[in-house]
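**Q** return a 3D structure for these sequence lines:
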Amino acid sequence: MPDFVGSVDQGTTSTRFMIFDHSGNEVARHQLEHEQILPRAGWVEHNPVEIWERTSAVIQTALGKAGLSSTDLAALGITNQRETSVVWDRRTGRPYYNAIVWQDTRTDKIASALERNGHGDTIRHKAGLPPATYFAGGKIQWILENVPGVREAAERGDAIFGTTDTWLTWHLTGGYRGGEHVTDVTNASRTMLMNLETLDWDDELLSLFDIPRAMLPDILPSSSPKAFGVTDSTGPLAGEVPITGVLGDQQAATVGQVCFAPGEAKNTYGTGNFMLLNTGTDIVRSTSGLLTTVAYQLGDDKPVYALEGSIAVTGSAVQWLRDQLGIISGASQSEALARQVEDNGGVYFVPAFSGLFAPYWRSDARGAIVGLSRFNTNAHLARATLESICYQTRDVTEAMTADSGVTLDVLKVDGGVTANELCMQIQADVLGVPVSRPVVAETTALGAAYAAGLAVGFWKNTDELRENWNEARRWEPEWDEKQREAGYAQWRKAVERTLDWVDVD
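**A** Numbering: from 1, shown residues only. Presented below is the predicted three-dimensional model:
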């Protein structure tokens, strides 16, 4: 068997390809950003063709860096930004419209109408999700209703849908020459269209969005031998590499953090924050504003479910300081700037740019900076931005404890923001529990590699994966309880100031 496993990590702002050895160590990587298209307020799009081109480029470059070829890969895993939606022509591969990104809020009227018409509880019970702009079902409906010719093409079977895992798998396995139109249970569980119990597209849910079943990919386990096809000879991996693992990015990070036992949780810090708590084979329905989702399904085993707290804007708030305000030149500078002050100076920043996700689910909210005085500087705003990441995580943690009864002893963290050591210290302070970062912080790509490798016997079982996990750094809380609760109370007041800003019909 070849010595390595490859992993495509197609994210919100960039695509990377990583190569791992049997110990879960990184052998090589390459990463390229893609354009963030913002046609109007609340709209966020990507060019699917650019994403495919970037994917091809990062695969070829990473292999070149390592001096490897496709024949050195035992399997390929794919992980992706989950709810971002693409509709394309299966005959030509041409997208009918740009990919509508998970952050996009143009479907707020679709979501509110579903709730207003009494369909919200049906969607929550069957799909585990509230009607919200976040998820893919409304995005597909919007394309069908607003892009000329797409509905007719869908009825003919020419227009097909996929999240970016499906888009890439289709291209990697041949594209218009016969590419596989497939997804996995974790990505399908983010559409508002899949029944959590049957793991299949649900006719009642499809009817609520008026989406033809023929548009949708086949749903497969997250890890299965050759289930997703093999790479085509004309693509960047010409050696017929089996694609055996596909997971949505946050579920992939759960696997990468080896959260295989009920009660284990991880938090990924990226464009947004996503905390997942493994609930085993039981479907736990939230009463506290969390999502019920599929965590993973390995081969023929029963699916494992999770409670998820999804936060729309965390790392992208730091990008906002860089790109829109220009007060830092790079994301790493946010830490140095925030360290110039001892605290936030009374400033709280709630980055509700796309409304508030878990546990509030308020599409009417918008970002707010409160508590300003002439005393405050850009350093206080930088500090408040880091604190907003941590306070939003506490909001989710409180909801998770209410739903599950599980109180965290330690928070496993991963993702790009974990490189900001001040932010991780603040996170420990705000939560009052230790924060632990693994040696391999990019656990999203690692989790997809694990899923792919398990399917072909590269790794024998999940116990072997646990042996690969090692802690790189731990942060212990330094705030006392009084400081912790006073800060959180002020945060909750700041959240209240963001509500009812946008009128949603």
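
**Q** the helices in the stretch 201-350 of the chain, which residues?
**A** 203-209, 249-256, 315-320, 333-338 (DSSP state H, counting those that start in this stretch).

**Q** and the strands in the stretch 1-150 of the chain, which stretches?
**A** In the stretch 1-150 of the chain, the strands defined using DSSP state E, counting those that start in this stretch lie at 4-10, 14-20, 26-33, 45-46, 73-80, 85-89, 99-100.

**Q** now render the ones you listed as JSON lines, adding distance to residue 231 and mean neighbour count.
**A** C-betas here are computed from N, CA, C, even on glycine. Shown next, in JSON lines, are these (distance: least, C-beta to C-beta, whole Å; neighbours: other C-beta atoms under 10 Å):
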{"stretch": "strand 4-10", "distance to residue 231": "10", "mean neighbour count": "29"}
{"stretch": "strand 14-20", "distance to residue 231": "13", "mean neighbour count": "24"}
{"stretch": "strand 26-33", "distance to residue 231": "17", "mean neighbour count": "17"}
{"stretch": "strand 45-46", "distance to residue 231": "23", "mean neighbour count": "20"}
{"stretch": "strand 73-80", "distance to residue 231": "7", "mean neighbour count": "29"}
{"stretch": "strand 85-89", "distance to residue 231": "19", "mean neighbour count": "25"}
{"stretch": "strand 99-100", "distance to residue 231": "22", "mean neighbour count": "26"}
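
**Q** in TSV: the ones you listed, plus distance to residue 323.
**A** Putting the strands of the stretch 1-150 of the chain into TSV (distance: least, C-beta to C-beta, whole Å) gives the following:
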stretch	distance to residue 323
strand 4-10	21
strand 14-20	14
strand 26-33	12
strand 45-46	16
strand 73-80	23
strand 85-89	24
strand 99-100	20
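
**Q** TSV for the ones you listed, including distance to residue 501 and mean pLDDT?
**A** Formatted as TSV, the strands of the stretch 1-150 of the chain follow (distance: least, C-beta to C-beta, whole Å; pLDDT from 0 to 100):
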stretch	distance to residue 501	mean pLDDT
strand 4-10	32	97
strand 14-20	31	96
strand 26-33	30	95
strand 45-46	23	98
strand 73-80	31	97
strand 85-89	26	98
strand 99-100	23	98
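
**Q** to residue 276, which of the ones you listed lies closest?
**A** The closest of the strands of the stretch 1-150 of the chain to residue 276 is strand 73-80. By C-beta to C-beta, the value is 13.6 Å.

**Q** mind listing what's buried in the biggest helix by length in the chain?
**A** For the chain, the helix that runs over the most residues, judged by DSSP state H, is helix 378-404. Judged by neighbour count (16 or more other C-beta atoms under 10 Å), helix 378-404 contains these buried residues: 378-400, 403-404.

**Q** next: stretch 492-505.
**A** Buried residues in stretch 492-505 (16+ other C-beta under 10 Å): 494-495, 497-499, 502.

**Q** can you give me the helices in the stretch 401-505 of the chain?
**A** Going by DSSP H, counting those that start in this stretch, the stretch 401-505 of the chain shows helices at 421-431, 443-456, 462-468, 481-498.

**Q** so which of the ones you listed is the most surrounded?
**A** Ranked by mean neighbour count, these are led by helix 443-456 with a mean of 30 (mean count of other C-beta atoms under 10 Å).

**Q** any idea how far that one is from the middle of the chain?
**A** Centroid separation for helix 443-456 versus its chain: 16 Å, with C-alpha atoms, centre = their mean, to the nearest Å.

**Q** do stretch 178-189 as well
**A** Stretch 178-189 sits 16 Å away from the centroid of its parent chain (C-alpha atoms, centre = their mean).

**Q** distance between the ends of it?
**A** One end of stretch 178-189 sits 25 Å from the other (C-alpha to C-alpha, to the nearest Å).

**Q** report all helices and strands that the longest helix of the chain contacts.
**A** If contacts are counted by 3 or more C-beta pairs under 8 Å, 6 or more residues apart in numbering; DSSP states H and E, helix 378-404 sits against strand 265-269, strand 273-280, strand 304-311, helix 315-320, helix 333-338, strand 348-350, helix 421-431, helix 481-498.

**Q** now render the buried residues of stretch 492-505 as TSV, adding pLDDT and distance to residue 350.
**A** Listed next are those as TSV, based on pLDDT from 0 to 100; distance: C-beta to C-beta, whole Å:
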residue	pLDDT	distance to residue 350
494	97	5
495	97	6
497	95	7
498	95	5
499	94	10
502	84	14
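
**Q** any chance of JSON lines for these, columns distance to residue 180?
**A** Formatted as JSON lines, the buried residues of stretch 492-505 follow (distance: C-beta to C-beta, whole Å):
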{"residue": "494", "distance to residue 180": "47"}
{"residue": "495", "distance to residue 180": "44"}
{"residue": "497", "distance to residue 180": "48"}
{"residue": "498", "distance to residue 180": "43"}
{"residue": "499", "distance to residue 180": "44"}
{"residue": "502", "distance to residue 180": "40"}
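
**Q** nearest to residue 188, of those?
**A** For the buried residues of stretch 492-505, the residue nearest residue 188 by C-beta to C-beta is residue 502; the value is 30.0 Å.

**Q** so what's the closest one closest to, chain neighbours aside?
**A** Here the nearest residue to residue 502 in space, its sequence neighbours aside, is residue 364; by C-beta to C-beta, 6 or more residues apart in numbering that works out to 4.8 Å.

**Q** on that earlier part again, between the longest helix of the chain and strand 304-311, how big is the angle?
**A** Orientation of helix 378-404 against strand 304-311 (axes from the mean of the first three to the mean of the last three C-alpha atoms, to 10 degrees) gives an angle of 150 degrees.

**Q** in the stretch 101-250 of the chain, where is pLDDT below threshold?
**A** By pLDDT under 70, the stretch 101-250 of the chain has no low-scoring segment.

**Q** looking at the helices and strands packed on helix 378-404, which is closest to residue 412?
**A** Closest approach to residue 412 among the helices and strands packed on helix 378-404 (C-beta to C-beta): strand 265-269, 4.5 Å.

**Q** partner strands of that closest one, parallel or antiparallel?
**A** strand 273-280 (antiparallel), strand 411-414 (parallel) (DSSP bridges).

**Q** rebuild those as a markdown table, extending it with distance to residue 33.
**A** Converted to a markdown table, the strands paired with strand 265-269 look like this (distance: least, C-beta to C-beta, whole Å):
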| stretch | distance to residue 33 |
| --- | --- |
| strand 273-280 | 20 |
| strand 411-414 | 20 |
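
**Q** of all those, which lies closest to residue 368?
**A** Closest approach to residue 368 among these (C-beta to C-beta): strand 273-280, 18.5 Å.

**Q** report the inter-axis angle for that closest one versus helix 443-456.
**A** Put simply, strand 273-280 runs at 30 degrees to helix 443-456, going by the same axes, to 10 degrees.

**Q** before we move on, the earlier item: would a markdown table of the helices and strands packed on helix 378-404 with distance to residue 184 be doable?
**A** Converted to a markdown table, the helices and strands packed on helix 378-404 look like this (distance: least, C-beta to C-beta, whole Å):
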| stretch | distance to residue 184 |
| --- | --- |
| strand 265-269 | 18 |
| strand 273-280 | 16 |
| strand 304-311 | 13 |
| helix 315-320 | 25 |
| helix 333-338 | 35 |
| strand 348-350 | 34 |
| helix 421-431 | 30 |
| helix 481-498 | 34 |
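
**Q** what mean pLDDT does the longest helix of the chain have?
**A** For helix 378-404, mean pLDDT rounds to 94.

**Q** now stretch 458-468
**A** Taken as a whole, stretch 458-468 carries a mean pLDDT of 93.
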